[in-house]
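Trainee: Generate coordinates for the sequence data below:
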Amino acid sequence: MECYSSDQYPANDLSDQSEFPYISQPSFQSVPSLNSQNNFPTNTYHHCLTTLQGHNSYISSLTLAGNFIYTGLSDREIRSWRCNPLLEFDNENTTHHDHNMVAAGKGAVKSLAISGDKLFSAHQDHKIRVWKINSQEPDLQKCSRLATLPTLGDRASKLLMPKNHVQIRRHKKCTWVHHVDTVSALALSSDELLLYSVSWDRTLKVWSTTDFKCLESVRNAHDDAINAVTSSNDGYVYTGSADKRIKVWKKDFGEKKHFLVATLEKHNSGVNALALSSDGCVLYSGACDRSIVVWKKKDGGGNMEVVGVLRGHTKSILCLAVVADLVCSGSADKSIRIWRGVNKIYSCLAVLEGHKGPVKCLTAAIDDHCSSSNSSCVIYSGGLDCDIKVWQVFVPSDL
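Mentor: Residues are numbered from 1 along each chain as shown. I've put the predicted structure just below:
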C-alpha cells in the first residue's frame, strides 16, 4: 500500500502492501487551488488507442526506451512490448503479446529505469537488479541479468570492517550497502552515472551505474517509508515519504556525500509520487490527500515555495508523469488527469477514464506523428486491473 508506514509492517515482510486498500485522506484547504474544477477546454481531444492485456497480475511500474515499453508486474515479472506506430494500433481492448519476459526475486517490481542498454529494476525483495538489453533485431529485445545489487563483491568488501555494519533490528546487523525492505523507486542522475534508490527502510542510496558499487547510503533520510525519488539536471535529488515530507538533497562538486538542502512540508498525508518539469524548476508532488502540490524554485538553489494545489481527483494520487508542458496524474479513483499551466493558472485539459482499478503507474512521450498545428502526446498507464492502456491526447497549440 502506498501511504505505507514502516511501523505497521515488519522489515522482512514480503507481503505486497499494494494489495491493501488505498487510503485517501481529506484534501487540505489551506493552499489555494491553481485550477477551476470542471473547467475543461472544449478543443482538447483524447482517446484510448488500445489496451494491452494478458497480464496475470497488476502493473506496478512502467518505463519507455526507444520503441519499447517495459512493464514491471506484481508477480516479479518484467515484460517488454513493442510500441507500434499510432496508425498500426488496433482498436480498443485488443490483446497484444509481449516480446520478452523475465522473472526474478519475490513480490512486485516496484520501479524501472533505463540507461543505454542497461535496465535497472527495483524489487519488493529488497534488491535492485541490472539487466542487459540485447537488441539484435529491431522488433525484438531480450534481457539477460548482469548483476544483483548489492553485488557479492560489494558485500564482501564491507563484511570484515565493523564500521560498515549497521543495526537493522534488535538482534540483526548487515552492511550499509543493503536495503532491508522494499526498494520502492529508482531515478538516474542527468549524466546517468549515478542511480538513486529509495526504500521503505527509510534510506536513500546512491549507486554507480558503471561498476554497480554502492557509493553512499543516507540512513534515516525520512521518518517513515520513502515512496518516491526524482532528480534534476542541476544535481538536486528529491525524495517523498509516508512521513508527509519531501526532502531535497545535493552533493557539491568534489564531495562524496549528499547533504540535506531543504525539507518541504505541505501535504497532510503520505507522499506517493514526484515529478519535475523539463527545466527542473517546478516540482509536482502527489499524495493520499488527493492533491497535487506545485512547488517552484525560489532561487538558483534547492529552496522551493508552494505555488498552489491541483484538485480534482477524488482519491489518492498514486503516480505522476511530465511530458513537454503537460502534467499527467494517476489516481486510486481509476482516472488519469492531464494538466497544463500558463502563468501559474492550470487547466485540467482532460480526464482519461477506462481503467477498472486504481492507476498505479504512468509514462508518456511526445507524439512525433502529430501535425505542427497541434501538440500531441501518447500516455501509457498501468493499473490494478492488470491492463496497460495507451492514450493519445491532442492539445491545440494556441490553447
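
Trainee: Strands of the stretch 101-250 of the chain, start to end?
Mentor: Secondary structure of the stretch 101-250 of the chain by DSSP state E, counting those that start in this stretch: the strands cover 109-115, 118-123, 128-137, 140-149, 165-169, 172-175, 183-188, 194-199, 204-208, 214-218, 226-231, 237-241, 245-250.

Trainee: okay, now residue 352: neighbour count?
Mentor: Using other C-beta atoms under 10 Å, residue 352 has 21 neighbouring residues. For every residue, glycine as well, the C-beta is placed using N, CA and C.

Trainee: Dump the host helix or strand of it to CSV, keeping only the CA atoms.
Mentor: Take DSSP states H and E as the rule and residue 352 turns out to sit in strand 345-353. C-alpha atoms of strand 345-353 as CSV (Å, rounded to 0.1, in the frame of the first residue of the first chain):
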residue,chain,number,x,y,z
ILE,A,345,-3.0,29.2,-13.8
TYR,A,346,-3.6,25.5,-14.5
SER,A,347,-6.3,23.8,-16.6
CYS,A,348,-7.3,20.2,-16.4
LEU,A,349,-7.3,19.5,-20.2
ALA,A,350,-8.8,16.0,-20.0
VAL,A,351,-9.9,13.2,-17.7
LEU,A,352,-9.0,9.8,-19.1
GLU,A,353,-11.4,7.1,-17.8
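
Trainee: Check which residues of the helix or strand just after it are buried.
Mentor: Going down the chain from strand 345-353, the next helix or strand is strand 359-366, by DSSP H and E. By 16 or more other C-beta atoms under 10 Å, the buried positions in strand 359-366 come out as 359, 360, 361, 362, 363, 364.

Trainee: Ok, stretch 339-348 next?
Mentor: Quick answer for stretch 339-348 (16+ other C-beta under 10 Å): 339, 340, 341, 346, 347, 348.

Trainee: For the stretch 251-399 of the chain, give me the ranges with low pLDDT.
Mentor: 369-374, 398-399 (pLDDT under 70).

Trainee: now the strands: where do they sit in it?
Mentor: Under DSSP E, counting those that start in this stretch, the stretch 251-399 of the chain gives strands at 259-265, 271-276, 282-287, 292-297, 304-310, 317-323, 326-331, 335-342, 345-353, 359-366, 374-383, 388-396.

Trainee: How about residue 56, nearest residue that isn't a chain neighbour?
Mentor: Leaving out its chain neighbours, the residue that sits closest to residue 56 by C-beta to C-beta, 6 or more residues apart in numbering is residue 75, at 6.6 Å.

Trainee: shouldn't that neighbour be in contact with residue 59?
Mentor: No - counting by C-beta atoms under 8 Å, residue 59 is not a contact partner of residue 75; they are 10.8 Å apart.

Trainee: hang on, the earlier thing: farthest pair in the buried residues of strand 359-366?
Mentor: Using C-beta to C-beta, the two most remote members of the buried residues of strand 359-366 are 360 and 364, lying 15.0 Å apart.

Trainee: Excluding covalently adjacent residues, which one is nearest to residue 308?
Mentor: Closest to residue 308 by C-beta to C-beta, 6+ apart is residue 34, at 3.8 Å.

Trainee: ok, now how distant is the one you found from residue 337?
Mentor: To residue 337, residue 34 is 13 Å away according to C-beta to C-beta, to the nearest Å.

Trainee: where do the contact lists of these two overlap?
Mentor: Each of residue 310 lies in contact with both residue 34 and residue 337 under the rule C-beta atoms under 8 Å, 6 or more residues apart in numbering.

Trainee: Which of these two has more residues huddled nearby?
Mentor: residue 337 (22 against 19).

Trainee: Show me the beta-bridge partners of the more buried one.
Mentor: residue 329, residue 351 (DSSP bridges).

Trainee: what is the mean pLDDT for stretch 210-228?
Mentor: The pLDDT scores in stretch 210-228 average 97.

Trainee: hang on, I meant stretch 115-122
Mentor: For stretch 115-122, the per-residue pLDDT averages 96.
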